[in-house]
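>>> how would this look folded up:
(one chain, ligands or ions: 2)
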Amino acid sequence: TDSSNNIYNVVLIGENGVGKSALASIFAGAADSMGSDCDLYGGEVCEQTVTVDGETATITLLDTWDPQDESKWSQDQCMHVGDAYLIVYSITDRASFERASELRIQLRRVRQSADVPIILVGNKCDLVRCREVSIHEGRACAVVFDCKFIETSAAMQHNVWDMFTGIVRQLRLRHDSK
Ligand code: GDP
Ligand code: MG
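Numbering: from 1, shown residues only. Ligands and ions are numbered 1, 2, ... in the order given. Predicted coordinates:
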């Protein structure tokens, strides 16, 4: 099969301030350096082709989630359009971790039958002295919610590409088993 034709929507969701846009701009920055088009819809949507395990995949990364959106319209949109989700919390903010669990439940409710790949992302792992959520809690939560887990630091660019390649691999696994 020619996986270069595979275009996937990957959606960032999570509480305000956890680092979604910082993660998205690392993805976009890599695209800029390759001359790709990453300024769709004011920088909230970035599309680029990445090579993972020797094969290309085109990822449209959506950073459109607005936790304060009163209308709920765009939140519903986000819950429906994703082929995969990065549910982000900050390891320095327990409330954002609890919110991540709620979002996982919400996603499961909206997408009932769909087997949607999800990575639970504990961002800001560089801020060790402000840590409120242990790596063990993060891992345990991912087990309960049946998703992958990674800790990242957008500030240090630590594990950020592992996160993006991880979601591509998950998408391929689901895709290939259909
Ligand atoms: P969003 O609301 O989820 O999009 O969060 P932002 O990407 O706007 O980030 C919120 C704040 O956290 C900004 O001041 C970022 O510079 C900061 N930030 C984001 N990621 C990290 C990180 O990994 N480490 C640290 N120390 N700060 C971060
Ligand atoms: Mg943002």
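
>>> Show me where this structure dips below the pLDDT cut-off.
Applying pLDDT under 70 to the chain flags residues 1-5, 31-43, 70-72, 178.

>>> Chain neighbours aside, what residue packs nearest to residue 81?
Nearest non-adjacent residue to residue 81, counting by C-beta to C-beta, 6 or more residues apart in numbering: residue 9, 5.4 Å away. For glycine as for every other residue, the C-beta is placed from the backbone atoms N, C-alpha and C.

>>> hey, where'd the strands end up in this protein?
7-14, 45-52, 55-62, 84-90, 118-123, 148-151 (DSSP state E).

>>> so the residue positioned nearest the centre of the chain bridges to which residues?
With distances taken as C-alpha atoms, centre = their mean, residue 86 lies nearest the centre of the chain, 2.1 Å away. Beta-bridge partners recorded for residue 86 (DSSP bridges): residue 12, residue 119.

>>> So which bits of this protein are right by ligand 2?
Selection of the chain residues close to ligand 2 by C-beta under 5 Å from the ion yields 20, 21.

>>> how far does stretch 145-158 stretch from start to finish?
By C-alpha to C-alpha, to the nearest Å, the extent of stretch 145-158 from end to end equals 24 Å.

>>> Give me the spatial nearest neighbour of residue 126, chain neighbours excluded.
Among residues not flanking residue 126 along the chain, residue 153 sits closest, at 4.1 Å (C-beta to C-beta, 6+ apart).

>>> right, I mislabeled it, should have said residue 99
Nearest non-adjacent residue to residue 99 (C-beta to C-beta, 6+ apart): residue 15, at 4.6 Å.

>>> Over to residue 127?
Residue 127 sits nearest to residue 92 (C-beta to C-beta, 6+ apart), 5.0 Å away.

>>> Check whether the one you found really touches residue 129, as I assumed.
No: with contact defined as C-beta atoms under 8 Å, residue 92 does not reach residue 129; the gap is 9.1 Å.

>>> before we move on, the earlier item: what residues does the residue nearest to the centre of the chain make contact with?
10, 11, 12, 13, 14, 20, 23, 118, 119, 121, 163, 167 (C-beta atoms under 8 Å, 6 or more residues apart in numbering).

>>> Right, and ligand 2 sits closest to which residue of the protein?
residue 21 (3.2 Å; C-beta to the ion).

>>> pretty sure that residue contacts residue 64?
No: at 10.6 Å, residue 21 does not count as touching residue 64 under the criterion of C-beta under 8 Å.
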